[in-house]
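Student: quick one: sequence and predicted model below, then my questions.
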Amino acid sequence: MSREWLETNGLGGFASSTIVGLNTRRYHGLLTAATRPPVGRIVMLSKLEETLVLDGRRYELGANQYPGAVHPQGFEFQTGFRLDPFPVFTYEVERVEIEKSVFMVQGENTTVVQYELKMSDKLQFAGHQSIQLEIRPLIAFRDYHSTTHENSALNSHVEIADGLVSITPYADLPTLYLAHDAGEIRTDGFWYRNFEYQAERERGLDFQEDLFSPLSLTFKIEPTSFTKKSSVRLSIITSTDRREAGQAEVYRTAEIKRRQGMPALLPVPVNHLVRALTVAANQFIVARGEQKTIIAGYHWFSDWGRDTMIALPGLTLSTGRSETAKSILREFAKHVDQGMLPNRFPDAGDQPEYNTVDATLWFFEAVRSLLQYTNDYEFVRKHLYDVLVDIIEWHAKGTRYNIHVDADGLLFSGDPGVQLTWMDAKVGDWVVTPRHGKPVEIQALWYNALRVMESLAAKFGDKDGRVRYKTLAGRARGSFNQLFWNEASGCLYDVVNGAERDASIRPNQIFAISLANSMLTKARAKDILRVVERDLLTPRGLRSLSPADSKYAGRYEGDPRQRDAAYHQGTVWPWLVGPYLSAYGRTFGNRAGRKFATEWLSHFSDHLNEACLGQVSEIFDGDAPHTPRGCVAQAWSVAELLRAAVEDVYHSKPASRAAHAG
């Protein structure tokens, strides 16, 4: 029950559950459709209840949590689970072997479920006079953040056509189509009550649900079939569109070919970790209109500006998908407003939210990374440069939330009641880590952005712009080194706000070293890295706060308030190890950096079998054993580990990269 699997469709939709088929989250289901890609996600089909009937003897293969009981207990017949390349469940009952596979079709709200039946002992054919597989769909038809409960508004009518059944339980939601090759259909609809989702209970959220079953499908297999071929494969295609069960094999072949081709784009040798991370990376890249965007995490995040810009280099450029990177940058550039990149596109409504200071600055780093890999200055000049110029101007004169360049050349941000940096937890009106003033990573990103603009202005013949950006960068660098160095601790202050200095030991100072354009000397960089390694480095990433701090929270658990209170107060974030490894190599040299990165990444690879198989979790407990928490699949976690493997282990860094060292 603690190990999960995830399938995605490139639209924001997904299928997911545990490896025993027992749904432990309200987000689990076989078809969560993105009705307004990449959002508007609806859990349509929760699961399929399967019963194998051998000569009248019934064996239920499913598993559900009810109050005080797990029923049925089909895992007793389960012999294995593997990703091959998609989820495959194996069962054996009375010498009948069953392989169930689940995958989604790219670009469609479609999930294909196939059952391959085999006889483990061909001498026993005569032992079974009748073999049947009964499938009963359980539907939810609700927003993926909510739960369904028995109601009289549901329309239980089932439309039946040749090889296709359809149901439209609610007039304002899409129709669910089930294409099949079953021999018998029964439309005896009824409710299943009181499912319990253990993960939601632990998170202090609504954890009970009722599901409706509109029909059952019965597949009858003649035992003599096995004398003609080694196995029999049965198919169900569940979709928001009309499909034919006969297309299942075509879909299967195409999906296998698509996944096999992913590592071929990599510019480095492919080991197990790199291959797995490359496949994982693909699950976050989805459509937004005609362009592309990045889902921040599964199961509950949509596309966020900050996460997208941080994850873009690792998910797209490190994997050889530069055209996808350009598409994402074009899409977000269209939504820049008052010099700010949107932080979030809500699930409900189309108006983006502008409530971040760092997402916009990460936009410059994503552009720099694109040029590092492609040298496509013409694309940047044509599509992005004017937007970048406008962003700098807005920051210089001031934009939302008191974001402005101060007299010392550093970037100030913050208003009461808002959280603008990546440490953005908020409970009601309580901002857990407000960080108002001048956060350390914001200054690092601001300086990096100015140096990127200085380089672009020179490339594009913008002489006045080049002088302006160079002057701003020089002023920021001088002020930064004067204000942020904490001599007593041998590292950087986390936030400077007037006379106030926040001496909390946090990972944000790493970005002052890891970004291509750094304001620090090598001596100070070495001191910072020693402090971070001592207080923050774990086998799963960097802690968000030193355990020596009185505010440190070592476990991320409890109700929403308790969890948000711990979110950035000690919780380990694996994405932060990417910048840490880059900073290490830049400071101690490529050879030492490669050795350290190789060792750390090799120790992390076991996590790919720990929570969501083949994926990387959002966070971990700060205290050992560093239990995985939060989203089971997080874009920037995968992205930064993959980027570190490509750039810091294999040193696949094109010569176009030009960094201004401290």
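Tutor: Sure thing, it's come through.

Student: where does the prediction get shaky in this structure?
Tutor: Residue ranges of the chain with pLDDT under 70: 120-127, 224-229, 263-270, 346-350, 652-662.

Student: longest strand in it, by residue count?
Tutor: strand 39-54 (DSSP state E).

Student: how far out from the middle of the chain is it?
Tutor: 23 Å (Cα atoms, centre = their mean, to the nearest Å).

Student: that strand: what's the following helix or strand?
Tutor: strand 57-60 (DSSP states H and E).

Student: now do the residue found closest to S322 once you drop the neighbours it is linked to in the chain against R321, distance only.
Tutor: Nearest non-adjacent residue to S322, counting by Cβ to Cβ, 6 or more residues apart in numbering: T374, 4.9 Å away. No exception for glycine: its C-beta is placed from N, CA and C like everyone else's. Distance of T374 to R321, computed by Cβ to Cβ, to the nearest Å: 11 Å.

Student: the two - which one has more neighbours?
Tutor: A count of neighbours by other Cβ atoms under 10 Å puts R321 above the other of T374 and R321, at 20 against 17.

Student: what distance do you get for that one to R530?
Tutor: R321 is 37 Å from R530, by Cβ to Cβ.

Student: what sits against R258?
Tutor: Each residue near R258 by Cβ atoms under 8 Å, 6 or more residues apart in numbering is listed here: Q106.

Student: please save the CA atoms from the strand or helix carrying it in PDB.
Tutor: Assessed by DSSP H and E, R258 sits inside helix 248-260. These are the backbone C-alpha positions of helix 248-260, laid out as PDB (Å, rounded to 0.1, in the frame of the first residue of the first chain):
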ATOM      1  CA  ALA A 248      -5.700  -1.800 -28.000                       C
ATOM      2  CA  GLU A 249      -2.800  -3.600 -29.600                       C
ATOM      3  CA  VAL A 250      -2.000  -0.600 -31.800                       C
ATOM      4  CA  TYR A 251      -2.000   1.700 -28.800                       C
ATOM      5  CA  ARG A 252       0.200  -0.700 -26.900                       C
ATOM      6  CA  THR A 253       2.800  -1.000 -29.600                       C
ATOM      7  CA  ALA A 254       2.900   2.700 -30.100                       C
ATOM      8  CA  GLU A 255       3.300   3.400 -26.400                       C
ATOM      9  CA  ILE A 256       6.100   0.800 -26.000                       C
ATOM     10  CA  LYS A 257       8.000   2.400 -29.000                       C
ATOM     11  CA  ARG A 258       7.500   5.900 -27.600                       C
ATOM     12  CA  ARG A 259       9.000   5.000 -24.200                       C
ATOM     13  CA  GLN A 260      11.900   3.000 -25.700                       C
END
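
Student: the stretch 201-350 of the chain: helices as residue ranges?
Tutor: 225-228, 248-260, 272-282, 305-312, 322-333 (DSSP state H, counting those that start in this stretch).

Student: now the helices for the stretch 51-200 of the chain?
Tutor: Under DSSP H, counting those that start in this stretch, the stretch 51-200 of the chain gives helices at 198-202.

Student: for the closest residue to G297 other than its chain neighbours, pull up the helix or strand it's in.
Tutor: Spatial nearest neighbour of G297, chain neighbours left out: C631 (3.6 Å); criterion: Cβ to Cβ, 6+ apart. Assigned by DSSP H and E, C631 belongs to no helix or strand.

Student: for stretch 479-492, buried residues please.
Tutor: S479, F480, N481, L483, F484, W485, N486, S489, C491, L492 (16 or more other Cβ atoms under 10 Å).

Student: what do you get for stretch 552-567?
Tutor: Result for stretch 552-567 [16+ other Cβ under 10 Å]: buried residues Y552, A553, G554, Y556, Q562, R563, D564, A565, A566, Y567.

Student: just say helix, strand or coil for the third one.
Tutor: Three states are possible here, and by DSSP: H, G, I helix; E, B strand; the rest coil the one that applies to G554 is coil.

Student: and it, how far is that from R629?
Tutor: Going from G554 to R629 by Cβ to Cβ gives 12 Å.

Student: the fourth one too?
Tutor: When distance is defined by Cβ to Cβ, Y556 is 4 Å away from R629.

Student: mind listing the shared neighbours of the two?
Tutor: Joint contacts of Y556 and R629 (Cβ under 8 Å, 6+ apart) are T571, I619, F620, D621.

Student: which pair of those spans the longest distance?
Tutor: I619 and D621 (8.1 Å; Cβ to Cβ).

Student: would you mind measuring from the closest residue in space to W362 that isn't next to it in sequence to T316?
Tutor: Nearest non-adjacent residue to W362, counting by Cβ to Cβ, 6+ apart: M309, 3.5 Å away. Plainly put, M309 is 11 Å away from T316 if you go by Cβ to Cβ.

Student: and the spatially closest residue to A325 that is not a sequence neighbour, how many neighbours?
Tutor: The shortest distance from A325 to any non-neighbouring residue, by Cβ to Cβ, 6+ apart, is to T316 (4.0 Å). Using other Cβ under 10 Å, T316 has 28 neighbouring residues.

Student: same check on A548?
Tutor: A548, neighbours per other Cβ under 10 Å, totals 9.

Student: for the residue nearest to it when sequence neighbours are not counted, what are phi and psi?
Tutor: Nearest non-adjacent residue to A548, counting by Cβ to Cβ, 6+ apart: D535, 6.6 Å away. Torsion angles at D535 (phi, psi; degrees, to the nearest 10) stand at phi -100, psi -30.

Student: then H568?
Tutor: Per degrees, to the nearest 10, the backbone of H568 is at phi -120, psi 30.

Student: what about it, neighbour count?
Tutor: 26.

Student: ok, back up a step: which of I619 and D621 has more residues huddled nearby?
Tutor: Per other Cβ under 10 Å, whichever of I619 and D621 has more neighbours is I619, with 26 against 22.

Student: contacting residues for the more buried one?
Tutor: I619 neighbours (Cβ under 8 Å, 6+ apart): Y556, Y567, T571, V572, W573, P574, P628, R629, G630, Q634.

Student: likewise G297?
Tutor: With Cβ under 8 Å, 6+ apart, G297 has these contacts: D307, E618, G630, C631, A633, Q634, A635.

Student: 7 Å - rerun?
Tutor: By Cβ atoms under 7 Å, 6 or more residues apart in numbering, G297 lies in contact with E618, C631, A633, Q634, A635.

Student: what does V20 give?
Tutor: So V20 contacts M1, A63, F75, Q78 (Cβ under 7 Å, 6+ apart).

Student: neighbours around the nearest residue in space to A645 that is not next to it in sequence, how many?
Tutor: Nearest in space to A645, with sequence neighbours left out and distances taken as Cβ to Cβ, 6+ apart, is V274 at 5.3 Å. Applying other Cβ under 10 Å, we find 23 other residues in the vicinity of V274.

Student: so V274 versus Q482, what's the distance?
Tutor: Distance from V274 to Q482, by Cβ to Cβ: 42 Å.
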